[in-house]
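> From the sequence below, what's the structure:
(one chain, ligands or ions: 2)
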Amino acid sequence: MYKVRTYNQISVKGLDRFPRQAYEVGSDIGQPDAFLLRSQKLQDVEVPKSLLAAARAGAGVNNVPVAQYSKQGIVVFNTPGANANAVKELVMAGMLLATRGILPGMAYVNSLTAMSDAAEMAALLEKEKTRFAGGEIKGKTLGIVGLGAIGSMVADMALAMGMKVVGFDPALSIDAAWRLSSEVSRMENLQSLLTRADYISLHVPAMDATHHLINDDALGLVKTGAVLLNFARETIVDSAAVKRSLDKGKLGKYVCDFPEPALLGHAKVIATPHIGASTEESEENCAVMAANQLMDYLENGNIVNSVNFPNVNMGRTAGTTRITFSNDNVSGVLGDVLSVLAEKKVNVIDMMNKSRGELAFNIIDVETSPGDHVVAAIEAVAHVIRVRVI
Ligand SMILES: NC(=O)C1=CN([C@@H]2O[C@H](COP(=O)(O)OP(=O)(O)OC[C@H]3O[C@@H](n4cnc5c(N)ncnc54)[C@H](O)[C@@H]3O)[C@@H](O)[C@H]2O)C=CC1
Ligand SMILES: O=C(O)CCC(=O)C(=O)O
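Ligands and ions are numbered 1, 2, ... in the order given. This is a model prediction of the structure:
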């Protein structure tokens, strides 16, 4: 029986992927083989010895201590792109809310509850509506920082709305480059983007290199009245610098999904409570994808969409037993393990070895089930991190 401990509200469609005759799934599971989570901060959670994998049903993994998990051979998954459409749609809403007098107009209309005469109300609204006039986004320039799953969708949407789009992404993957519209002008640096954009939308991961990417210096470059949208993470933006820029009339509006106390109630801030991915569709997509990835890893040792281990996928050969092991990516480890198997007279039928950065992962299908002494001998090989027999 595999055990999966869940954190946060995980879509039932994802939870239903786990066949209950083979899986125990719940928030109070002890000795879990896997965690399935959304925004739970795993830095605050003790790592059970039994833990083999953690799947983040979502994109950002800044709530997972990935380096620590890697040292323990724990595979960390995320679900790239599974919630991108939901974020894209909210970014569009944010752009429109920042541009039209929708929110103050609604607040004004809702303040008129004491009125009872419809004709009088209509006349008043016609007189007052000039206070809530706005602009249009068509023809304006959107600068997208981070052209991955979300950034590229935001680009397509903005182009469809008649905007010009410039983008900056110094680490764009080949897959992401294929997805990106040729109508997006790629900028060589962030500064070029900031000086051109009427709207700036951030879609980068939270990490050391993006901490306070938007600071006083960056905000000094933006066009007067530019709108900054942050549906990425709070750490990417120095909120004190944003407040200074809004107060002196440089930045026009700040739309963010990660409110911070200093910005609450500010007339030029539009804040939502981290609901970028909170749609039924994206919650399902993420949960189903995360559950599928976890099951394939637990049952077969296959890895797809890990943020710390390489992709590995090897079909099973009937009648064999599968050994998987992770190791530090240094030379000789696989050879030493194969020597152990040869010495113990364990015949190898098929195998695969892949590496990524400082880690490597191996699948070896063997003819006969290896005993505990074989597993112990593999574990004793220098630089082997974790061994499983499946
Ligand atoms: N508000 C919400 O509920 C959600 C927020 N997010 C946030 O959005 C982020 C992006 O998500 P995805 O687009 O799915 O990820 P992704 O991994 O597909 O794209 C991120 C892109 O940022 C680029 N990048 C990294 N450092 C950069 C830098 N310094 N400057 C410019 N580009 C840089 C990468 O090369 C990559 O192309 C996530 O890491 C997460 O923090 C994601 C989903 C939901
Ligand atoms: O699970 C959620 O609602 C948060 C989504 C998110 O922030 C992400 O995928 O990075």
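
> what's the spacing between the nearest residue to residue 202 once chain neighbours are set aside and ligand 1?
Spatial nearest neighbour of residue 202, excluding adjacent residues (C-beta to C-beta, 6 or more residues apart in numbering): residue 232 at 4.5 Å. In this view, the C-beta of every residue, glycine as well, is placed from N, C-alpha and C. To ligand 1, residue 232 is 4 Å away according to C-beta to the nearest ligand atom, to the nearest Å.

> Return the residues in contact with residue 232.
Taking C-beta atoms under 8 Å, 6 or more residues apart in numbering, we find residue 232 in contact with 60, 146, 202-206, 210, 258.

> how about these, which pair is most distant?
The distance between the two most remote of the contacts of residue 232 (C-beta to C-beta) is 15.0 Å, for 146 and 258.

> Name the residue in the two with the higher neighbour count.
The neighbour comparison of residue 146 against residue 258 (other C-beta atoms under 10 Å) goes to residue 146, with 25 against 20.

> Tell me the confidence at the more buried one?
Residue 146 carries a pLDDT value of 98.

> The one 10 residues further on too?
Residue 156 is assigned a predicted lDDT (pLDDT) of 98.

> And residue 87, by the same measure?
Value for residue 87, per-residue pLDDT: 98.

> Burial check on the residue of the chain found nearest ligand 1, number of neighbours?
Relative to ligand 1, the nearest point of the chain is residue 148 (1.8 Å; C-beta to the nearest ligand atom). Neighbourhood size, residue 148 [other C-beta under 10 Å]: 23.

> give me every residue that touches the residue lying closest to residue 26 once chain neighbours are set aside.
Distance criterion C-beta to C-beta, 6+ apart; nearest residue to residue 26, sequence neighbours excluded, is residue 6 at 6.4 Å. Neighbour list for residue 6: 15, 25-27, 29, 35-37 [criterion: C-beta under 8 Å, 6+ apart].

> what does the helix or strand residue 192 falls within contact?
In this assignment (DSSP states H and E), residue 192 forms part of helix 190-196. Helix 190-196 has contacts (C-beta under 8 Å, 6+ apart) with 141, 143, 145, 166-168, 187, 200, 213, 218, 221-223.

> Tell me which residues touch the spatially most central residue of the chain, please.
Residue closest to the average C-alpha location in the chain (C-alpha atoms, centre = their mean): residue 59, at 1.4 Å. Residues in contact with residue 59 (C-beta under 8 Å, 6+ apart) are 78-84, 149-150, 205, 277.

> before we move on, what about residue 243?
Neighbour list for residue 243: 262-263, 266 [criterion: C-beta under 8 Å, 6+ apart].

> Just to be sure, it is in a helix?
Yes. Assessed with DSSP: H, G, I helix; E, B strand; the rest coil, residue 243 lies in a helix.

> what about it, distance to residue 250?
11 Å (C-beta to C-beta, to the nearest Å).

> sec struct for whichever residue of the chain sits closest to ligand 2, please.
Closest to ligand 2 within the chain is residue 58: 2.5 Å, counting by C-beta to the nearest ligand atom. Judged by three-state DSSP, the three-state class of residue 58 is coil.

> Local confidence estimate at it?
pLDDT for residue 58: 98.

> again, but for residue 185
Note on residue 185: pLDDT of 98.

> excluding its backbone neighbours, what's nearest it?
residue 166 (4.7 Å).

> Can you give me the end-to-end span of stretch 183-197?
This stretch, stretch 183-197, spans 15 Å end to end (C-alpha to C-alpha, to the nearest Å).
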